[in-house]
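# no FASTA, just this:
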């Protein structure tokens, strides 16, 4: 029988990029702790599918690009929902009427 030691080595986590994936997952889940599990499952599936497809002429960085597009499109949609751009029409002669009325 062998002697096994189970130990977490934090040096291996620095190179894996889990911190950045966690930031993306939290942003997509809108910081909802219940939605984090669902979003993490979906992005983890996307990441594993990318690993499986790398052998069949699939670029390695395409999964990261796809995750970035998902993040920016979701956050961009949120931006447009919260901050609607409203174009105000200026009436002709409104500036001159205001100056005459106040003077």
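That came through, no problem. Bear in mind that the values here come from a model prediction, so they are computed numbers and not experimental data.

# Distance-wise, check the spatially most central residue of the chain relative to residue 77.
By CA atoms, centre = their mean, the chain has its centre lying nearest to residue 71, at 2.5 Å. Computed as CB to CB, to the nearest Å, the residue 71 to residue 77 distance reads 11 Å. Glycine gets a C-beta too; all of them are placed from N, C-alpha and C.

# still on that earlier bit, which ones are touching the residue nearest to the centre of the chain?
Neighbour list for residue 71: 24, 27, 28 [criterion: CB atoms under 8 Å, 6 or more residues apart in numbering].

# Let me see the mean pLDDT of whichever strand or helix holds it.
Here residue 71, judged by DSSP states H and E, is contained in helix 62-82. Mean pLDDT, helix 62-82: 85.

# Buried ones in it, by neighbour count?
For helix 62-82, burial by neighbour count (16 or more other CB atoms under 10 Å) applies to 63, 64, 67, 70, 71.

# any idea which of those is closest to residue 53?
Nearest to residue 53 among these, counting by CB to CB, is residue 63 at 8.5 Å.

# Show the contacting residues for the closest residue in space to that closest one that isn't next to it in sequence.
Nearest residue to residue 63, sequence neighbours excluded (CB to CB, 6 or more residues apart in numbering): residue 50, at 3.2 Å. Residues in contact with residue 50 (CB under 8 Å, 6+ apart) are 58, 60, 62, 63.

# which stretches of the protein aren't confidently modelled?
Scanning the chain for pLDDT under 70 picks out 1-4, 6, 8-17, 85, 93-103.

# picking that back up, okay, the contacts of residue 50 in TSV with distance to residue 39 next?
TSV is the format used below for these (distance: CB to CB, whole Å):
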residue	distance to residue 39
58	23
60	23
62	20
63	15
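
# hang on, the earlier thing: any idea how far the helix holding residue 71 is from the middle of the chain?
Centre-to-centre, helix 62-82 and its host chain are 5 Å apart (CA atoms, centre = their mean, to the nearest Å).

# same thing with stretch 53-67?
The chain centre lies 18 Å from the centre of stretch 53-67; the measure is CA atoms, centre = their mean.

# the inter-axis angle of the helix or strand harbouring residue 35 versus helix 62-82?
For residue 35, the host element (DSSP H and E) is helix 33-53. Relative orientation of helix 33-53 versus helix 62-82 (axes from the mean of the first three to the mean of the last three CA atoms, to 10 degrees): 150 degrees.
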